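Peer 1: got a sequence here, can you model it:
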Amino acid sequence: MDNLLAPLGASSHLDEANRVRLQDGLREAAEALETPYDMMIRFLNAGRQLSMIKIGYDLDIFTTLADGEPKSVEQLAAHKGADPLLMSRVLRFLSANRLIAETSKDVFAGNQSTKSLSDPRIQGGLLHAFHISVPAYQALPEYLEENKYQNITGGQCAWHKSANTDLEFFPWAKQNPKILRYFQQLMSVPREGSWLDVIPFVDPSVPAVGDADADRTVFVDIGGNIGHQSARLLAKHPNLGGKIILQDLEETVQRAPKIEGVEFMVHDFFKEQPVKGAKYYYLRAILHDWEDDKAADILRNIIPAMAEDSQILIDDLALPNTGVHWWSTCIDMQMYIMHGAMERTVDQWHSLLDKAGLKVVEIRTYSPVMRNSVIVAVPK
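Peer 2: Numbering: from 1, shown residues only. Down below sits the predicted model:
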């Protein structure tokens, strides 16, 4: 594989479009060589890998091998008091799937995948998938059959069936701190590209932003959790004039670490926006959690607060109307099984905003394949 990729340079030097195009091309080429039996084996193994990764986490395999130093089966087994024979079989599976490296008989070391798997953010994302997403997907076929294959879920999703609960995910997760921590780790994994690259916060042609009155609110981070994006904004524009306000529910605001230059405010986005006349009202990965009716309500609650030059910035996927990438379709189905919601196409965004009394000014895409975008909206 190294010889195959050498002429192309390191993958870290490729931009998203070229890197994903190369990955997809290699996958398609491999699939073109498959017999029906090969295809069956690929799907069978896909259903097993996450469970084996979970076992790798339980046995501290990835964190132990992440330093790159080879370690014997006996060393790895002793760390958790595991049976060396069983440990060798687990390690053999992980190595055969290129998640660790086998250096000699009964000796293993880390590789690039091992280092990634040892990242707490990646670990949180995969453990969230193991405990939450996979059981919900297992429940999905029966759930769809029971509900006669309808898109509108009526508030009950495949996840509710798999978890045997009537609670929505976030209230449920607050009662399950470990799962909530996995979700927060997942949400901290950086996306491809940066929304800050497409919003002109420092621009002489926009004096309300570049030379803002110190008393005016420049940025309202609605449902901003503990402030990752507000902190990124300040890191890029430390001398930004005006106020930055982060809003979320009381329990989130109470546990959020303080950020110099950011004001925290308790607010439920299903109620009218209390900050009047801000330049930007920002919603990151909020509306994809809600069906159109609820999403429109969230947007309508902002409109009365807007000044003449205010804009709503919706940081979400804006999928092409055709030819959606396979990973974006995975995220779309994740929204369905968890929330009865969806990732929206460009046409669907126009429709939603029209329903809310808004119009799309433009869509600024900052990751060309996955279509992470900022939809800029103003009242009609």
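Peer 1: excluding its backbone neighbours, what's nearest Asn301?
Peer 2: The shortest distance from Asn301 to any residue that is not its chain neighbour, by Cβ to Cβ, 6 or more residues apart in numbering, is 5.1 Å, and that residue is Glu272. For the C-beta atoms, the positions are set from N, CA and C on the backbone; glycine is no exception.
Peer 1: what about Gly357, distance to Leu299?
Peer 2: According to Cβ to Cβ, to the nearest Å, Gly357 and Leu299 sit 8 Å apart.
Peer 1: okay, these two: which has more neighbours?
Peer 2: Under the criterion of other Cβ atoms under 10 Å, the comparison of Gly357 against Leu299 puts Leu299 first, with 23 against 13.
Peer 1: list the buried ones in the host helix or strand of that one?
Peer 2: Here Leu299 sits within helix 292-300, counting by DSSP states H and E. For helix 292-300, a neighbour-count test (16 or more other Cβ atoms under 10 Å) marks 292, 295-296, 298-299 as buried.
Peer 1: what is it packed up against?
Peer 2: Packing contacts for helix 292-300, counted by 3 or more Cβ pairs under 8 Å, 6 or more residues apart in numbering; DSSP states H and E, involve helix 346-355.
Peer 1: if we can go back for a sec, who are the contact partners of the residue nearest to Asn301?
Peer 2: 301, 304-305 (Cβ atoms under 8 Å, 6 or more residues apart in numbering).
Peer 1: pretty sure Ile245 is touching Thr217, no?
Peer 2: Yes: in this structure, Ile245 sits in contact with Thr217. The criterion is Cβ atoms under 8 Å, and the distance is 5.7 Å.
Peer 1: joint contacts of the two?
Peer 2: When contacts are counted by Cβ under 8 Å, 6+ apart, Ile245 and Thr217 have 275, 278 as shared neighbours.
Peer 1: by neighbours, which of the contacts of Glu272 wins?
Peer 2: Among those, Asn301 has more neighbours than the rest - 20 neighbours, counting by other Cβ under 10 Å.
Peer 1: can you give me the distance of that residue to Gln150?
Peer 2: Using Cβ to Cβ, one gets 28 Å for the distance from Asn301 to Gln150.
Peer 1: do Phe183 as well
Peer 2: 27 Å.
Peer 1: tell me the pLDDT at Pro207?
Peer 2: According to the model's per-residue confidence, Pro207 sits at a pLDDT of 42.
Peer 1: should've said Lys359
Peer 2: Looking at Lys359, its pLDDT stands at 96.
Peer 1: Leu249: which of the buried residues of helix 292-300 is nearest?
Peer 2: Nearest to Leu249 among those is Ile298, at 13.6 Å by Cβ to Cβ.
Peer 1: pretty sure that closest one contacts Asp289?
Peer 2: No: contact criterion Cβ under 8 Å: Ile298 and Asp289 do not qualify, at 9.6 Å.
Peer 1: okay, who's weakest in the buried residues of helix 292-300 by pLDDT?
Peer 2: pLDDT is lowest at Asp292 among the buried residues of helix 292-300; the value there is 93.
Peer 1: go ahead and confirm it touches Ala356.
Peer 2: No: under the criterion of Cβ under 8 Å, Asp292 lies out of contact with Ala356, with a separation of 9.1 Å.
Peer 1: which among the buried residues of helix 292-300 gets closest to Thr114?
Peer 2: Sorting these by distance to Thr114 puts Ala295 at the head of the list, at 39.9 Å, by Cβ to Cβ.
Peer 1: contacts only, for the residue nearest to that closest one when sequence neighbours are not counted.
Peer 2: For Ala295, ignoring the flanking residues on the chain, the nearest one in space by Cβ to Cβ, 6+ apart is Leu287 at 4.5 Å. For Leu287, the contacting residues are 295, 298-299, 314, 316, 344, 352, by Cβ under 8 Å, 6+ apart.
Peer 1: and which of those is nearest to Arg121?
Peer 2: Nearest member of the contacts of Leu287 to Arg121, counting by Cβ to Cβ, is Asp316, at 20.3 Å.
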